[in-house]
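please work out how this folds:
(2 chains)
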Amino acid sequence: KNQVEQSPQSLIILEGKNCTLQCNYTVSPFSNLRWYKQDTGRGPVSLTIMTFSENTKSNGRYTATLDADTKQSSLHITASQLSDSASYICVVSYNTNAGKSTFGDGTTLTVKP
Amino acid sequence: KAGVTQTPRYLIKTRGQQVTLSCSPISGHRSVSWYQQTPGQGLQFLFEYFSETQRNKGNFPGRFSGRQFSNSRSEMNVSTLELGDSALYLCASSDGSSGNTIYFGEGSWLTVV
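Take a look at the predicted model:
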């Protein structure tokens, strides 16, 4: 069964600190892995997308890594800001069709001043 | 380039009624997918349409239906509403190509009373 597990479920950090969110998946065959940021009450916004051959992808202070052998991905946030408070969702696809994607339950990040 | 537009943004319905939600995808995108997100829950895939044809469907009862028009705009309908249908309904569009990014709208908040 295709599954995506994210950890931790929630995380609280102080402004300016770094943090790393984890995503483990059992989706097969693998097509791509995406990280989304979802502010409360808003739609998710794409942060990064990685295919099998990509090990790392950056988007500003966000850096995603992918280890296709161990089926693990991480999202590293550098120098956190209050606006980083959101839910971060890992999505793994085994097909280009939108319906062939498995969503993680997300990690809720709270950045405190 | 306009993003994914969903209407209405908020609505309240009574148990037993039906509701229709609308989604206008990004210009040129032919894939439209729908998701349900309940408080504290992850995104649950409802269905995906591509060029007016439903090509993927999630595990939701038949009360949930959708369609896509020739201009790629999509609607989803929920009949005989239940209290448990209260959720944020998100629409997303993509161009359907390999490695594509899925762009989400802001969602429609449905409250069933």
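
contacts for stretch B:60-72 next, please.
Under the contact criterion CB atoms under 8 Å, 6 or more residues apart in numbering or on different chains, stretch B:60-72 has outside partners B:25, B:29-30, B:32, B:34, B:36, B:44, B:46-47, B:49-54, B:74-80, B:93. Quick note: C-beta positions are derived from backbone N, CA and C, even for glycine.

how far out from the middle of the chain is stretch A:40-57?
Distance, stretch centre to chain centre, for stretch A:40-57: 6 Å (CA atoms, centre = their mean, to the nearest Å).

and residue 43, its phi and psi?
I'll assume chain A. phi -80, psi 150 (degrees, to the nearest 10).

for chain B, see how far away it is.
As judged by CB to the nearest CB, to the nearest Å, A:Gly43 and chain B stand 4 Å apart.

ok, and the closest non-adjacent residue to that residue?
B:Phe104 (3.6 Å; CB to CB, 6 or more residues apart in numbering or on different chains).

spell out for me which residue occupies the centre of chain B.
B:Trp34 (3.2 Å; CA atoms, centre = their mean).

which ones are touching B:Gly42?
A:Ile89, A:Phe103, A:Gly104, A:Asp105, A:Gly106.

next one: the second one, what pLDDT does it get?
Pointing back at A:Phe103 there. Note on A:Phe103: pLDDT of 89.

burial of the closest residue to chain A within chain B, as a residue count?
Nearest residue of chain B to chain A (CB to the nearest CB) works out as B:Asn56 at 2.3 Å. B:Asn56 sits with 18 neighbouring residues when counted by other CB atoms under 10 Å in any protein chain shown.

what is it paired to in the beta sheet?
B:Glu48 (DSSP bridges).

next one: it from B:Arg67, what distance?
For B:Asn56, the distance to B:Arg67 (CB to CB, to the nearest Å) stands at 14 Å.

so what pLDDT did the residue of chain B closest to chain A get?
In this model, B:Asn56 carries a pLDDT of 86.

surely it touches B:Leu46?
No. If you go by CB atoms under 8 Å, B:Asn56 and B:Leu46 don't touch, sitting 9.5 Å apart.

touching both of these two, which residues are there?
B:Ser33.

so which bits of the one helix or strand A:Val111 maps to are buried?
Following DSSP states H and E, one finds A:Val111 within strand A:107-112. By 16 or more other CB atoms under 10 Å in any protein chain shown, the buried positions in strand A:107-112 come out as A:Thr107, A:Thr108, A:Leu109, A:Val111.
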